[in-house]
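1. the following comprises the amino acid sequence and a computationally predicted model.
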Amino acid sequence: MVSVPAARRRSRDAGSAAVPAPAVDGGAPATRAGRLLVPGLVGTAGLAAIALVAAVSPEQPGHYPLCPTYALTGLYCPGCGGLRAVHALAHGDVALALHRNPLVVLALPVAVWAYLAWVRRRALGRPLSRLPAPTLIWGFVALGVLFGVLRNLPALGWLAP
């Protein structure tokens, strides 16, 4: 009697010509181009979104929907002014971008760094690293909530978009 692992090995070896290259990284294709497909699509979508915001000004009403938090409560959320900040950055006006939403301006380099780290790991065929520590995630959440509260205080009106 043939053991099950040996039988699987023989059947796998016999049909190896039709079997695609082994997957790495939890199902990602083994070729570099295959591994970079999803990061490339995400990067392309991000650049297209930035190009749209650069071309169609959020300063003019009617082009983008109103923030639901602001529409329902009259309070600024941590993301309010984010589109206007990205529009200002796309046109090279860092001071205006910081006035519109400093949190978005400071978060963009972190997001770009995380994206480039993801692309690098995928290009090298390395498995994705584990998620950030829960304390780091909760720290970012707390920072967003704190920013949302502070920008609605009358004394800190300069944080409002």
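-> Good, I have the coordinates. Numbering: from 1, shown residues only.
2. can we go C-alpha only for contacts and neighbour counts from here?
-> OK.
3. pull the longest helix from the protein.
-> helix 102-124 (DSSP state H).
4. what helices or strands is that one leaning on?
-> Packing partners of helix 102-124 (3 or more C-alpha pairs under 8 Å, 6 or more residues apart in numbering; DSSP states H and E): helix 32-35, helix 82-90.
5. average pLDDT for the last one?
-> Average pLDDT, helix 82-90: 95.
6. now do L146: how many residues are near it, please.
-> 12 (other C-alpha atoms under 10 Å).
7. let the chain start at 37 from now.
-> In the new count, where the first residue is 37, that last one comes out as L182.
8. doesn't it lie inside a helix?
-> Yes: judged by DSSP: H, G, I helix; E, B strand; the rest coil, L182 forms part of a helix.
9. can you give me the distance of it to L167?
-> Distance of L182 to L167, computed by C-alpha to C-alpha, to the nearest Å: 23 Å.
10. show me where the chain has its helices.
-> 40-50, 68-71, 73-91, 104-109, 118-126, 130-136, 138-160, 170-186.
11. contact partners of the third one?
-> For helix 73-91, the surrounding residues in contact (C-alpha atoms under 8 Å, 6 or more residues apart in numbering) are L119, V122, H123, A124, A126, H127, W154, V155.
12. export these to CSV and tack on neighbour count?
-> Output for these, formatted as CSV (neighbours: other C-alpha atoms under 10 Å):
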residue, neighbour count
L119, 21
V122, 28
H123, 25
A124, 22
A126, 16
H127, 12
W154, 17
V155, 20
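13. which one of these is nearest P197?
-> P197 lies nearest to L119 out of the contacts of helix 73-91, by C-alpha to C-alpha, at 10.4 Å.
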